[in-house]
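> sequence? don't have it. structure:
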């Protein structure tokens, strides 16, 4: 266990020990160094409590240290813990860091490995071209809260380990299994091969959500806001629509995911108790 009572003081923003935090160059970290930035107390707590991803270090604002000492005590013994003043942390990050709680996680190969637990999955969220980090994080948060077994995505979707997506997910990216495919058709092929029915969400959907009986194994296929799912993807799915007030024709994609996941959860609970 880390001795959270003995952090290392950082007084120089150019200290090489905290190079990974400097400017928070996320694209370089995630794509080339296989690292990612975790921000905020809630995300740090999840990171400290899981074992899928490693933890290289933590950088904490001096006046926040006491409040996260219990979390720091959960970190592996080799994890370096640094503290710094607000001026130094702001200079390191390149902008005001109001939360003052950062960590560098290590992305392991199993984050990109082919899913090996799919035989136990019943509900999967499948994403096509989700490029907005807020939406990505919110989808993961909804998936965790409403019992989805995994989130799959194509290569055109943004990386869930980017700092903003991870923060919005409140750490769910670290606990919900996920896998990236080269393109949407490969993802749908894999789902069908593994026995999943495909349900595509669109305002143009053929069936109303409230009348839909979820199959035993289902993948909820979601596309980016605006264009939505491409026609060639829609053609492979049972299309669903969510009823909305007159004069409005769309919902935020993460909200749509939550509504459908809630419907699936309730429908299955009703069958189990019936």
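Arrived safely. Note that the structure is predicted; figures quoted are calculated from it, not measured.

> contacts, neighbours, all on C-alpha from now
Will do.

> can you pull the contacts of residue 168?
Residues near residue 168 by CA atoms under 8 Å, 6 or more residues apart in numbering: 134, 137-138, 141.

> Which among these count as buried?
134, 137-138, 141 (16 or more other CA atoms under 10 Å).

> ok so, going back, which members of the contacts of residue 168 define the maximum pairwise distance?
134 and 141 (10.6 Å; CA to CA).

> what's around residue 251, how many residues?
Using other CA atoms under 10 Å, residue 251 has 14 other residues around it.

> ok, now the one 5 residues further on?
Here the count is done by other CA under 10 Å, and residue 256 has 19 residues near it.

> how close does it sit to residue 103?
Here the criterion is CA to CA, to the nearest Å. By it, residue 256 lies 31 Å from residue 103.

> do the same with residue 12
18 Å.

> higher neighbour count, the two?
Using other CA under 10 Å as the criterion, residue 12 and residue 103 rank with residue 103 on top: 26 against 13.

> So what does the more buried one have for phi and psi?
For residue 103, the backbone dihedrals (degrees, to the nearest 10) come out as phi -150, psi 150.

> Could you find the closest non-adjacent residue to it?
Take residue 103 and drop its neighbours on the chain: the residue closest to it by CA to CA, 6 or more residues apart in numbering is residue 58, 4.0 Å away.

> so the one you found is in which element?
Taking DSSP states H and E as the criterion, residue 58 maps to strand 54-61.

> before we move on, the earlier item: contacts only, for the residue nearest to residue 103.
The contact partners of residue 58, taken as CA under 8 Å, 6+ apart, are 79-82, 101-104.

> 7 Å instead?
Each residue near residue 58 by CA atoms under 7 Å, 6 or more residues apart in numbering is listed here: 80-82, 102-104.

> Distance of it relative to residue 206?
Distance of residue 58 to residue 206, computed by CA to CA: 49 Å.

> ok, residue 230 - contacts?
If a contact means CA under 7 Å, 6+ apart, then residue 230 has no contacts.

> Next one: it relative to residue 77, how far apart?
Computed as CA to CA, the residue 230 to residue 77 distance reads 48 Å.

> for residue 15, same thing?
Residue 15 is 22 Å from residue 77, by CA to CA.

> go on, residue 203?
Look at residue 203 and residue 77: by CA to CA, they are 51 Å apart.

> More neighbours: which of the two?
More crowded of residue 203 and residue 77, by other CA under 10 Å: residue 203, with 17 against 12.

> tell me the pLDDT at the nearest residue to the more buried one once chain neighbours are set aside?
Leaving out its chain neighbours, the residue that sits closest to residue 203 by CA to CA, 6+ apart is residue 241, at 5.0 Å. Residue 241 is assigned a predicted lDDT (pLDDT) of 90.

> What residues does residue 241 make contact with?
Listed by CA under 7 Å, 6+ apart, the contact set of residue 241 reads 201-209.

> Out of these, give me the two with the largest separation.
204 and 209 (11.9 Å).

> Okay, strands next: where are they in the protein?
Secondary structure of the chain (DSSP state E): strands located at 8-9, 35-39, 54-61, 80-84, 101-106, 123-128, 150-154, 178-181, 197-201, 207-208, 218-223, 238-241.

> these two touch, right, residue 262 and residue 144?
No - using CA atoms under 7 Å, residue 262 is not in contact with residue 144, being 11.5 Å away.

> Settle it for me: which of these two has more neighbours?
Neighbour count, other CA under 10 Å: between residue 262 and residue 144, residue 144 has more, with 21 against 17.

> how close does the more buried one sit to residue 16?
The gap separating residue 144 from residue 16 is 37 Å, by CA to CA.

> can you pull the buried residues of stretch 254-262?
Within stretch 254-262, the residues that qualify as buried are 254, 256-262, counting by 16+ other CA under 10 Å.

> Likewise for stretch 92-111?
Going by neighbour count (16+ other CA under 10 Å), the buried part of stretch 92-111 is 92-93, 97, 100-107.

> what's it in contact with?
Counting by CA under 7 Å, 6+ apart, 13, 21-24, 34-41, 53-61, 64, 89-90, 179 sit against stretch 92-111.

> Identify the residue spatially nearest to residue 13, adjacent ones excluded.
Distances taken as CA to CA, 6+ apart place residue 92 nearest to residue 13, at 5.0 Å, with adjacent residues excluded.
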